[in-house]
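1. Here is a sequence with its predicted model. Questions after.
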Amino acid sequence: MNPADSAPATTRRFHRLDISGPAFWARDFAARDEVFARLRAEPGLTWHAPAPAVFPHSEPGFWAVTRQRDIAHISRHPDLFTSGLGISMDPMPVELQRPTTFFLTMDPPQHTRYRRLISAAFTPKQVRRIESQIRANAAEIVDEFLADLRGERPVDLVDSLSRKLPMRTVSDMIGIDRADRETVAYAAEAMFGSTDEEYASLEDRADFFMSQFTILHSAGTELAARRRRAPRDDLMSAIVAAEVDGHRLTDEEIGAFMVLLASAGNDTTKQTTSHGFKALIDYPAQREWLLEDPAARLGGAVEEFIRWATPVVHFARHAVTDTEVAGTRVRAGEKLVLFYCSANRDEAALDAPHIFDLTRDPNPHFGFGGGGAHFCLGAWLARMQLRLLFHELLPRIPEVVLGDPEYVHSDFVHGIKRMPVRRAGSDPRSR
């Protein structure tokens, strides 16, 4: 054990590699992973300065957890590592995190109850309806995207393709009115990428974050109230009616779920679509392999899209009691940040993890978390959307040329804000 591990957190020396500051997160994924690779190679965990914060705090720092096996250990032991003290790397009062993340900031058995309540609404009938809606929406969205590509000007892949299906899916599932969809979509995207200066400056970030939260939460509570008065044959009505062990969700809780579904459920699939599309263009041999038998190969390909994208960079836990992780002493109350972006490039867990490989099997990625109680509840929905969208897109897309992507500046989401795409052979001067 490193003697520094036993020092009080307030006097413990920060690691020489800074992964907390904005300058680090302004680097591209590959450059950041060079740093994470060096951290993975070191014994034990490493101690880092708290991230810049918009809220007053007294956090002394955090432990960086960068290897798959350590993330899995923490994720599968909620008795030792709690989510109830907050799940963000950025210092933020848990009282503010809880209404924006719903049951992500809960531990079993409370977390288990809420998870069962939401799951109870996904009956086989609801799932069949959702799949039918997604298939129809995917076909329509691909038609629109291909029509956009026939023009002379480049189109933005994110706006024209990636962002459309997940928000349309969420809207259809819970009944958001068409007139409100763009407002809800913007609020969801802005919340997820709120550390990006394009949305708000550091000084205005807290107010901006809460205003977007209010839009999403109000949309959920108002819709829940309407469904209680006049139920329909839709998911929101099923959520309102769901009951487990005598418990039902309140309108406030449904509002919190709406925030989680609209932000996490929307943005993660959107970002995986963009990263997956880019990878298929960057690695044409992989695309050709997939096109040989897309029906049989898309399932595995989607897993590699998710691993490659790793749209959620991290979640955090706090130690419940004094314990040890990877030979490092961790004291009760200390924060541990689980870097899924690092886990999905961990050479000890994955063969050639820096290669985009659609034939990868097995593919034990952590794109949906490290397992345990908090494994992503919407994993099946994300996979379904990606599979149906690329099933429509792959056989029909012409040869295209991508411009440079513009990435979201965030320590939480690995996102592409904009990425120009044009048909090969069209005049690039029309940009």
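-> Yep, it's here.
2. now the helices: where do they sit in the stretch 51-200 of the chain?
-> Read by DSSP state H, counting those that start in this stretch, the stretch 51-200 of the chain holds these helices, from start to end of the chain: 68-75, 94-101, 110-120, 124-149, 157, 164-174, 181-192.
3. Taking their axis directions, the helix-or-strand element of the chain with minimal mean pLDDT and helix 164-174 sit at what angle?
-> Ranked by mean pLDDT, DSSP states H and E, the weakest helix or strand in the chain is helix 181-192, scoring a mean of 78. Taking axes from the mean of the first three to the mean of the last three Cα atoms, to 10 degrees, one finds helix 181-192 and helix 164-174 inclined to each other by 110 degrees.
4. Pull out the buried residues from the next helix or strand after helix 181-192.
-> The element immediately downstream of helix 181-192 (helix or strand, assigned by DSSP states H and E) is helix 205-229. Buried positions in helix 205-229, judged by neighbour count with 16 or more other Cβ atoms under 10 Å: 205-206, 208-210, 212-213, 215-217, 219-221, 223-224, 227. Where C-beta positions appear, they are placed from N, C-alpha and C, glycine not excepted.
5. What angle do helix 164-174 and helix 205-229 make with each other?
-> For the pair helix 205-229 and helix 164-174, the angle between their directions (the same axes, to 10 degrees) equals 40 degrees.
6. what angle sits between helix 205-229 and helix 94-101?
-> For helix 205-229 against helix 94-101, the angle by the same axes, to 10 degrees is 50 degrees.
7. How about residues contacting the helix or strand just after helix 205-229?
-> Proceeding N to C from helix 205-229, the next assigned helix or strand is helix 235-241, under DSSP H and E. In this structure, residues lying in contact with helix 235-241 by Cβ atoms under 8 Å, 6 or more residues apart in numbering are 117-118, 120-123, 126, 130, 173-175, 223-224, 227-228, 231, 248-249, 254, 257.
8. how close does G151 get to V142?
-> Distance of G151 to V142, given as Cβ to Cβ, to the nearest Å: 16 Å.
9. Compare these two (neighbour count), which wins?
-> V142 (23 against 12; other Cβ atoms under 10 Å).
10. Now for the residue nearest to A379 when sequence neighbours are not counted: which residues touch it?
-> Beyond its immediate neighbours in the sequence, the residue positioned closest to A379 (Cβ to Cβ, 6 or more residues apart in numbering) is F368, lying 4.5 Å away. Applying Cβ under 8 Å, 6+ apart to F368 gives the contacts I306, F375, C376, A379, A382.
11. I figured the first one was touching C376, is that so?
-> No - I306 is not in contact with C376 according to Cβ atoms under 8 Å; the separation is 10.0 Å.
12. shared neighbours, these two?
-> Common neighbours of I306 and C376 (criterion: Cβ under 8 Å, 6+ apart): F368, A382.
13. more neighbours, these two?
-> I306 (26 against 16).
14. Distance check, that one against T273.
-> Shown here: I306 relative to T273, a distance of 11 Å by Cβ to Cβ.
15. Phi and psi next, for L338.
-> phi -90, psi 110 (degrees, to the nearest 10).
16. when you give positions from now on, start the count at 2
-> Yep, numbering from 2; the last one is L339 now.
17. Report the rounded mean pLDDT for stretch 344-358.
-> On average, the pLDDT along stretch 344-358 is 98.
18. ok, and what's touching that stretch?
-> Surrounding stretch 344-358, the residues in contact under the criterion Cβ under 8 Å, 6+ apart are 34, 37-38, 41, 67-70, 72, 280, 283-284, 287, 305, 308-309, 311, 361, 364-368, 371.
19. just to revisit the earlier point, now the contacts of helix 236-242: which count as buried?
-> 118-119, 122-123, 127, 131, 174-175, 224-225, 228, 250, 255, 258.
20. ok, back up a step: by pLDDT, rank the buried residues of helix 206-230 and give me the bottom one.
-> In terms of pLDDT, the weakest of the buried residues of helix 206-230 is R206, which scores 67.
21. Residue ranges in the stretch 2-151 of the chain under the pLDDT threshold?
-> The stretch 2-151 of the chain contains residues with pLDDT under 70 at 2-7.
22. about what we covered before: quick check: the gap between the residue nearest to A380 and R164.
-> For F369, the distance to R164 (Cβ to Cβ) stands at 20 Å.
23. Select from the contacts of stretch 344-358 every entry located in helices.
-> Cross-referencing those with the helices (criterion: DSSP state H) gives 34, 37-38, 41, 69-70, 72, 280, 283, 287, 305, 308-309 as the overlap.
24. How about the secondary structure of A333?
-> Three states are possible here, and by DSSP: H, G, I helix; E, B strand; the rest coil the one that applies to A333 is coil.
25. what's the burial count for it?
-> Using other Cβ under 10 Å, A333 is surrounded by 11 other residues.
26. P396 now?
-> For P396, the number of neighbouring residues by other Cβ under 10 Å comes to 10.
27. Would you check that it makes contact with A296?
-> No - P396 sits out of contact with A296 when judged by Cβ under 8 Å, with a separation of 10.4 Å.
28. can you give me how far stretch 21-40 is from the chain middle?
-> Centroid separation for stretch 21-40 versus its chain: 18 Å, with Cα atoms, centre = their mean, to the nearest Å.
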